[in-house]
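> Fold the stuff below for me.
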Amino acid sequence: MNRLFAIFIFSVTIFASEHFAKLEPISSIVIKAEANGEVVVAKSNLEGKVVDGLIVKIDDKLDKLDLQNSKKSLEITQKMIKLNKQMLPLLKKSFIKKRELYQKVTPLSSSSISQKDSLYSAFVSAKSQYSSLLEKILNLENQQVSLKQKIATLEDRIQKKSIIIDNKYLYSLNVKKGEYVNIGMPIAELKDISKAKLTIYLSEDELKDIDKKSIYIDGKKTDLKFAKIWRVADKKYVSSYRAEIILKPFDRFSKLVKVEVK
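The predicted structure is shown next:
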């Protein structure tokens, strides 16, 4: 009986060192819409291919028109600021001159009250014109800041409406031409097939002296090492620890392979 129990334990140990894992791309990416609008281009014919370019375009005609008009408004605003700033020193000089004249004449007893009132009114009017122009310049500069912010927002929105991928495998395209998308809606799923990975779940016994052990793939010894080993047990496989092996790219993924650690 003891012998049979020992054989059973030995068999379990041997079996535990064998794992079956699916050969997967190094990573998967889900692209979500970052702008609202109608889909005007959806290249579903590129599904199942490595793509380097546009896959989806959301209508941006109104955004581009708004951007064009906003840039014109900014240009006009900047010209107005420049023009008003050129006038500002002249008005300042005028109001200072009239203030000095008023201050000079006021103490004189030979000057009439009407003359003093006239000079005071001229001084106040000149100062008011200077202050009004200064306020106008500040408002224009504030308008300039708002326009620059709007232009940056529009450029960012236009960029986000053209979904371009960089040398990635287009696994699935989730939208069609004519559909309306909202922010956060899944657009496409991509796979990075520049490398492959295998994910297995190791027991505590297998983790002992793991750096000294070799990895066998389908019975063949390799010089591969674990790229990652989780230090916290897996939620699903509560007594095991997730581990990943990184391999060179393959022509075909999703193949089931046997992995041994010994």
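> Let me see the ranges of the strands in the protein.
Applying DSSP state E to the chain gives strands spanning 18-22, 24-32, 37-42, 50-58, 162-173, 180-181, 186-202, 215-217, 220-222, 226-229, 241-247, 256-261.
> Report all helices and strands that the shortest one contacts.
Identification of packing neighbours for strand 180-181 by 3 or more Cβ pairs under 8 Å, 6 or more residues apart in numbering; DSSP states H and E yields strand 37-42. For every residue, glycine as well, the C-beta is placed using N, CA and C.
> Direction included, what does the strand it packs on pair against?
Strand 37-42 has these partner strands in its sheet, going by DSSP bridges: strand 50-58 (antiparallel), strand 180-181 (antiparallel).
> And the contacts of the longest one?
For strand 50-58, the external contacting residues (Cβ atoms under 8 Å, 6 or more residues apart in numbering) are 33, 35-43, 46, 161-170, 173, 175, 181, 187-188, 193.
> If any of the residues you listed are buried, put those into a ChimeraX selection.
Selection of buried members from those for ChimeraX, criterion 16 or more other Cβ atoms under 10 Å:
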select :33,35,37,39,42,43,46,161,163,165,168,169,170,173,175,181,187,188,193
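> Save the strands of the chain as CSV, and put in distance to N142 too.
Below are the strands of the chain laid out as CSV (distance: least, Cβ to Cβ, whole Å):
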stretch, distance to N142
strand 18-22, 59
strand 24-32, 35
strand 37-42, 30
strand 50-58, 32
strand 162-173, 32
strand 180-181, 35
strand 186-202, 37
strand 215-217, 64
strand 220-222, 66
strand 226-229, 52
strand 241-247, 54
strand 256-261, 64
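> how about stretch 219-238: buried residues?
In stretch 219-238, counting by 16+ other Cβ under 10 Å, buried: L224, F226.
> Regarding it, how distant is the last residue from the first?
End-to-end distance for stretch 219-238: 27 Å, by Cα to Cα, to the nearest Å.
> Show me what it is in contact with.
Counting by Cβ under 8 Å, 6+ apart, 197, 201-202, 207, 210-211, 214-217, 239-247, 258, 260 sit against stretch 219-238.
> can you rerun that using 6 Å?
The contact list for stretch 219-238 (Cβ atoms under 6 Å, 6 or more residues apart in numbering) reads Y201, S214, I215, S240, Y241, R242, A243, E244, I245, I246.
> By neighbours, which of those wins?
Neighbour counts for the contacts of stretch 219-238 (other Cβ atoms under 10 Å) peak at A243, which has 24 neighbours.
> was I right about that residue contacting S203?
No: here A243 lies out of contact with S203, judged by Cβ atoms under 6 Å, at a distance of 10.7 Å.
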